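**Student:** here is a sequence with its predicted model. Questions after.
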Amino acid sequence: MKRDISSKLFKAAKQVIPGGVNSPVRAFKNVDGDPFFVRRAMGCRIEDVDGNEMIDYVGTWGPAILGHAPECVVEAVQSAAKEGVSFGTPNPYEVDMAETIVDWVPSVEKVRMVNSGTEATMSAIRLARGFTGRDKVIKFVGCYHGHVDSLLVAAGSGALTHGKPDSAGVPASFAAETIILPYNDIEKVNAVFAEMGDQIAAVIVESYPANAGLIFPKEGYLQGLRDITAKHGAVFIFDEVMTGFRVAKGGVQELEGITPDLTAMGKVIGGGLPVGAFGGKAEIMDYLAPDGPVYQAGTLSGNPLAMAAGLAQLREMERQDGYAKLDQLGARLEAGVRALLQEKSLDYQFNRVGSMFCLFFTGEEIVDLDSVMTADTAAFRKFFTEMLEQGVYTAPSPYETGFISVSHGEAEIDRTLEAMSAALAKI
Ligand SMILES: Cc1ncc(COP(=O)(O)O)c(C=O)c1O
Ligand SMILES: N[C@H](C=O)CCC(=O)O
């Protein structure tokens, strides 16, 4: 593939943008390559500035559930923009969005809009601390909750990709308030609560961890977290920034029948514009300013364009019965991948829920970060590079999850399986 213009742009970008990118996972460091720059993205395809077209499974890291630039979202943004792009006052879209979230997400009684998933988790943590009057927070190894200081400890996603699960610049005193435990081990959680339950403000967990590949909870694990937090008066925070509105209308909490106290949301609810949200029990949410003592704010929060885009996307998903369609496409991909692995006598693990999936280049059962880290990263790199050569763009890291969109069709899934077959043969 020719990448001349992308190479020039990357060179120029590195002069003026740290690492040449505005978010580390985009830098392709984990695949020994340089990133391509995108000119346009429509449906399930993206085209780079050199004219290479690719079937896309990154989907702008999750938000593009209908595919790129769906007509309904573009029209909603255009029409909203004609009335003004930001008001800095309450607007009707915000009420519509809040009512939609409360209607769709089982545990949410009240919700506050923010501008990113990071803001959502950061605010949820502050609220949990304000509500309980406690400081300590439990998070799990490999879970990523955005670049919140106290949560950038043993984190997944870009932090893991770049071999630095902890970040410089996070004061040791902040990190000391975060208790890190392995995922999927409820005994360890119970033991910490037994020792210091009255100091723990919150347990935060990715509903299905999807920033260290895609890991599923063991039977009873999420309910175990729910029970122990309830017993000790700690706030149970579900991070559904990635899974919310993606795996089902009501996210993982709907699938698993779990009722968290607070939920962090983002990605799909923004329709591709910068949006996050956090919500939950009214009793806790009412601790927020202006009614309560926990301060939280945002110049552009509830922005009319972002709300219009998100609402249009959610309504279209409902209208098309998008979740059922995504599950069918996901099942087709899964069946094809499993057949390929069997045909090639590879014992690699493949995890999928609805339209989210991850192929792990290891035979170990995937239960936590330790098992994820047994994957053969050299094999992953070869696979990624070969897939890209064949016009299929998957995440440039073994620790990210793939996303199918409603605009993928059976033909694209089958083409992807052909590419996978060739790529696996080259490993
Ligand atoms: C589970 C999860 N939580 C939080 C975040 C942070 O969201 P954002 O990148 O919008 O700040 C992300 C993604 O980055 C995520 O996947
Ligand atoms: N895994 C991250 C979020 O889900 C990827 C997005 C980013 O960090 O740029």
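**Tutor:** Alright, I've got the coordinates. Ligands and ions are numbered 1, 2, ... in the order given.

**Student:** use CA for all of it now, contacts and neighbours both
**Tutor:** Noted.

**Student:** number of residues surrounding residue 181?
**Tutor:** 17 (other C-alpha atoms under 10 Å).

**Student:** tell me which helix or strand residue 279 sits in.
**Tutor:** Using DSSP states H and E, residue 279 sits within strand 276-280.

**Student:** mind checking how far that strand is from the chain centre?
**Tutor:** Here strand 276-280 is found 14 Å from its chain centre; the criterion is C-alpha atoms, centre = their mean, to the nearest Å.

**Student:** who are the packing partners of it?
**Tutor:** Other elements packing on strand 276-280 under the criterion 3 or more C-alpha pairs under 8 Å, 6 or more residues apart in numbering; DSSP states H and E are strand 110-114, helix 117-132, strand 262-266.

**Student:** make CSV from those and add mean pLDDT to it.
**Tutor:** Shown next, in CSV, are these (pLDDT from 0 to 100):
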stretch, mean pLDDT
strand 110-114, 98
helix 117-132, 98
strand 262-266, 98
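
**Student:** ok, which of these comes nearest ligand 1?
**Tutor:** Ranking the helices and strands packed on strand 276-280 by proximity to ligand 1 (C-alpha to the nearest ligand atom) places helix 117-132 first, at 3.2 Å.

**Student:** if you look at that closest one, does any of it touch ligand 2?
**Tutor:** No - Helix 117-132 stays clear of ligand 2 (C-alpha under 6 Å from any ligand atom), getting no nearer than 8.5 Å.

**Student:** just the angle between that helix and strand 276-280, please?
**Tutor:** Computed by axes from the mean of the first three to the mean of the last three C-alpha atoms, to 10 degrees, the angle separating helix 117-132 from strand 276-280 equals 30 degrees.

**Student:** tell me the angle of the helix or strand just after helix 117-132 relative to helix 117-132?
**Tutor:** Following helix 117-132 in sequence order, the next helix or strand is strand 136-140 (DSSP H and E). Put simply, strand 136-140 runs at 140 degrees to helix 117-132, going by the same axes, to 10 degrees.

**Student:** partners of strand 136-140, with directions?
**Tutor:** strand 178-181 (parallel), strand 200-206 (parallel) (DSSP bridges).

**Student:** between these, which gets the lowest average pLDDT?
**Tutor:** Sorting the strands paired with strand 136-140 by mean pLDDT places strand 178-181 lowest, at a mean of 94.

**Student:** and for that one, what are the contacting residues?
**Tutor:** 136, 137, 138, 139, 140, 141, 150, 151, 153, 154, 188, 189 (C-alpha atoms under 8 Å, 6 or more residues apart in numbering).

**Student:** may I see the ChimeraX selection of the buried members of these?
**Tutor:** Per 16 or more other C-alpha atoms under 10 Å, the buried members of the contacts of strand 178-181 correspond to this ChimeraX selection:
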select :136,137,138,139,140,141,150,151,153,154,189
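
**Student:** for the contacts of strand 178-181, which one is nearest residue 396?
**Tutor:** Of all these, residue 396 sits closest to residue 154, with 20.3 Å by C-alpha to C-alpha.

**Student:** just name the most buried of the strands paired with strand 136-140.
**Tutor:** Looking across the strands paired with strand 136-140 with neighbours counted as mean count of other C-alpha atoms under 10 Å, the highest average goes to strand 200-206: a mean of 26.

**Student:** after it, which helix or strand is next? Please name it.
**Tutor:** Using DSSP H and E, the helix or strand that follows strand 200-206 in sequence is helix 221-232.

**Student:** same for that following helix, what does it pack against?
**Tutor:** So helix 221-232, by 3+ C-alpha pairs under 8 Å, 6+ apart, packs with helix 186-196, strand 200-206, strand 235-239.

**Student:** swap in 10 Å and give it another go.
**Tutor:** helix 186-196, strand 200-206, strand 235-239, helix 251-256 (3 or more C-alpha pairs under 10 Å, 6 or more residues apart in numbering; DSSP states H and E).

**Student:** for the spatially most central residue of the chain, give me its contacts.
**Tutor:** Per C-alpha atoms, centre = their mean, the C-alpha nearest to the average position across the chain is that of residue 242, at 2.9 Å. Taking C-alpha atoms under 10 Å, 6 or more residues apart in numbering, we find residue 242 in contact with 61-63, 117, 145, 206-211, 251, 264-268, 356, 401.

**Student:** and residue 291, how many neighbours does it have?
**Tutor:** Other residues near residue 291 come to 10 when the count uses other C-alpha under 10 Å.

**Student:** close to ligand 1: what parts of the protein are there?
**Tutor:** Contact residues (C-alpha under 6 Å from any ligand atom) of the chain with ligand 1: 116, 117, 118, 144, 145, 146, 206, 239, 240, 241, 242.

**Student:** could you identify which of the helices and strands packed on strand 276-280 is most buried?
**Tutor:** Buried most deeply of these, by mean count of other C-alpha under 10 Å, is strand 262-266, with a mean of 31.

**Student:** endpoints of stretch 293-312, how far apart?
**Tutor:** Taking C-alpha to C-alpha, to the nearest Å, the first and last residues of stretch 293-312 lie 34 Å apart.

**Student:** and it, which residues are buried?
**Tutor:** For stretch 293-312, by 16+ other C-alpha under 10 Å, it's 294, 296, 300-312.

**Student:** coming back round to it: farthest pair in the contacts of strand 178-181?
**Tutor:** 150 and 188 (20.2 Å).

**Student:** for residue 113, which non-adjacent residue is spatially closest?
**Tutor:** Distances taken as C-alpha to C-alpha, 6 or more residues apart in numbering put residue 277 closest to residue 113, at 4.3 Å, once the chain neighbours are dropped.
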